[in-house]
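In: fold the following for me, if possible:
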Amino acid sequence: MRVAIVINTSWNIWNFRGSLIRALQGAGHEVLAIAPPDDYSARLETELGCRFVPIRMENKGTNPVKDALLTRRFYDIYRREKPDVVLHYTIKPNIYGTLAAKLAGIPSVNNVSGLGTVFIIKNLVSKVALGLYRFAFRFPKRVFFQNDDDRQLFLDHGLVRPEITDLLPGSGIDTNKFRPAATFVRHQPFTFLMIARVLYEKGVEEYFEAARLVRAAVPGTRVQLLGGIDESGNIGVKRAVFEQWLQAGHVEYLGTSDNVAAHIQPADCIVLPSYREGTPKTLLEAAAMGKPIVTTDVPGCRETVVDGRNGLLCQVRNGPDLAAKMLQVLRLDEAALAAMGRSGRQLAEQKFDEQIVLNKYLRVVEEVLPRSH
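Out: Residues are numbered from 1 along each chain as shown. Sure thing, here's the model as predicted:
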């Protein structure tokens, strides 16, 4: 059978869906990767062995004429490539890809991997988006959510029928690939690491404020940031503003990397002060590698932390509270830090192992496919 995976960037498929592609291939399915072309498109073919099909898509735009044309582009690809089932991720594939799949007579399965700014900022665009979700989500065979808050929000707004919804533990984590170091080491100086794109909604501004406060309290503490600069739309921090923040000297910017584990390993604590998430993979990676976590008490993030056990929860949009929680972790002795790390590893194994995600997807694909023939 031919299964199409559709996301808003090739990087997203390569970074988050590689295990799913291999699992589908292992079950005997052919996999198509449909996304806008970028530096990772060729790697989908050479490293993951799936056929790449490019599509033009503006990820941030909300122009209804352009979006109608996007539906047509999805429809043309689905009619030409004839997948037996389409797996959609991210907002535009979830909405316009689903409409195109319905028109093409192809069953679809959607994944709401986070609500972005639609539910964070209340404006005309968010109202339109809600209406589009309500219309498009009449058609998928299954809609996966990555936390129960998001699922409940969709149900409360009447955007989806409860019987087609299901929960996933994010995109899961490969607990064999991401493992703690053989022996626990507390680094000198103590090192915090945030892994996220440089977006306001990820809490980057609060992280810089917290870094200043933490380093004032404990000079020499290292506070690092790993992630790409994204100036598109109104949510990205402009490069000039970001460089001005860096000049204060409290945060080390590490750029981007394809080997996140290599940056997590020498860190003592992973921080993510995001405003809202699906289930952030970076925190699952941190937990699997036995690293304490400081993150916000918001949907998606709070699922990754049992407060006081494997990390601490802080208030959202509150730099001083974030700093207080970071200092609380920094002041733990080595035994308490190691215990936090062990609790995180246990949580990753029991609740977030990617095999849970892969099994659900393999099952739903098998359920959907017989009815399509």
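In: which residues of the stretch 151-300 of the chain fall in helices?
Out: Ranges of helices within the stretch 151-300 of the chain are 204-217, 239-247, 260-264, 281-288, based on DSSP state H, counting those that start in this stretch.
In: most packed of the ones you listed?
Out: Of the helices of the stretch 151-300 of the chain, the one with the most neighbours on average (mean count of other CB atoms under 10 Å) is helix 281-288, at a mean of 27. All C-beta atoms are positioned from the backbone trio N, CA, C, and that covers glycine.
In: how far does it sit from its chain's centre?
Out: Counting by CA atoms, centre = their mean, to the nearest Å, helix 281-288 is centred 11 Å from the centre of its parent chain.
In: stretch 226-237 spans what distance, first to last residue?
Out: 14 Å (CA to CA, to the nearest Å).
In: give the buried residues for that stretch.
Out: Judged by neighbour count using 16 or more other CB atoms under 10 Å, the buried positions of stretch 226-237 are 226-227, 229-230, 235-237.
In: so which two of those residues are the farthest from each other?
Out: Within the buried residues of stretch 226-237, Leu226 and Ile235 form the most distant pair, 18.6 Å apart (CB to CB).
In: tally of neighbours for the closest residue in space to Ala27 that isn't next to it in sequence?
Out: The spatially closest residue to Ala27, leaving aside those adjacent along the chain, is Leu362, at 5.6 Å (CB to CB, 6 or more residues apart in numbering). For Leu362, the neighbour count with other CB atoms under 10 Å is 16.
In: okay, and Leu362 sits in which element?
Out: Element membership for Leu362 (DSSP states H and E) is helix 354-371.
In: next, the angle helix 281-288 makes with that helix.
Out: Angle, helix 354-371 to helix 281-288, by axes from the mean of the first three to the mean of the last three CA atoms, to 10 degrees: 130 degrees.
In: can you name every helix or strand that helix 354-371 contacts?
Out: helix 18-26, strand 85-89, strand 108-112, strand 142-145 (3 or more CB pairs under 8 Å, 6 or more residues apart in numbering; DSSP states H and E).
In: CSV for these, including mean neighbour count and distance to Gly97?
Out: What follows is those, written out as CSV (neighbours: other CB atoms under 10 Å; distance: least, CB to CB, whole Å):
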stretch, mean neighbour count, distance to Gly97
helix 18-26, 18, 17
strand 85-89, 27, 5
strand 108-112, 27, 7
strand 142-145, 23, 13
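In: Ala42: neighbouring residues, count only.
Out: By other CB under 10 Å, the burial measure for Ala42, its neighbour count, is 13.
In: that one reaches Arg51, doesn't it?
Out: No - the pair Ala42 / Arg51 is not scored as a contact, 11.7 Å apart, by CB atoms under 8 Å.
In: for the stretch 1-150 of the chain, just list every one of the strands.
Out: Along the stretch 1-150 of the chain, counting by DSSP state E, counting those that start in this stretch, strands occupy 2-6, 30-35, 51-54, 85-89, 108-112, 142-145.
In: oh, that last question was meant for the stretch 201-350 of the chain, not what I typed.
Out: Along the stretch 201-350 of the chain, the stretches classed as strands by DSSP E, counting those that start in this stretch are 222-226, 252-253, 269-272, 293-296, 311-314.
In: now the strands of the stretch 1-150 of the chain as TSV including distance to Ile173 and mean pLDDT?
Out: Listed next are those as TSV, based on distance: least, CB to CB, whole Å; pLDDT from 0 to 100:
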stretch	distance to Ile173	mean pLDDT
strand 2-6	19	98
strand 30-35	21	98
strand 51-54	25	98
strand 85-89	17	98
strand 108-112	16	97
strand 142-145	16	98
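In: relative to Leu369, which of the ones you listed is closest?
Out: Comparing those by CB to CB, strand 85-89 comes nearest, at 6.0 Å.
In: just the angle between the closest one and helix 18-26, please?
Out: Angle of strand 85-89 versus helix 18-26, following the same axes, to 10 degrees, is 180 degrees.
In: residue contacts, the closest residue to Ala261 other than its chain neighbours?
Out: Spatial nearest neighbour of Ala261, chain neighbours left out: Phe178 (6.0 Å); criterion: CB to CB, 6+ apart. When contacts are counted by CB atoms under 8 Å, 6 or more residues apart in numbering, Phe178 is found next to 261, 264, 284-285, 288-289, 348.
In: could you redo the last one with a cut-off of 10 Å?
Out: 260-261, 264-265, 281, 284-290, 345, 348, 354 (CB atoms under 10 Å, 6 or more residues apart in numbering).
In: for those, which one is nearest Gln315?
Out: Ala286 (20.2 Å).
In: rewinding a little: the residue nearest to Ala27 touches Ser19, doesn't it?
Out: No - using CB atoms under 10 Å, Leu362 is not in contact with Ser19; the gap is 11.5 Å.
In: how about low-confidence regions in the stretch 201-350 of the chain?
Out: For the stretch 201-350 of the chain, the stretches flagged by pLDDT under 70 are 233.
In: 80 instead, please
Out: Within the stretch 201-350 of the chain, the stretches falling below the threshold (pLDDT under 80) are 232-235.
In: tell me the pLDDT of Pro64.
Out: Among the per-residue scores, Pro64 shows a pLDDT of 69.
In: got it, and the one 10 residues further on?
Out: Turning to Phe74, the model gives it a pLDDT of 98.
In: quick one: contacts for it?
Out: 6, 34, 55, 57, 86, 88, 92-93, 96-101, 103-104.
In: how about the closest residue to it other than its chain neighbours, what does it touch?
Out: Leaving out its chain neighbours, the residue that sits closest to Phe74 by CB to CB, 6+ apart is Ala100, at 3.4 Å. Residues near Ala100 by CB under 10 Å, 6+ apart: 6, 70-79, 86, 88, 93, 106, 108, 136.
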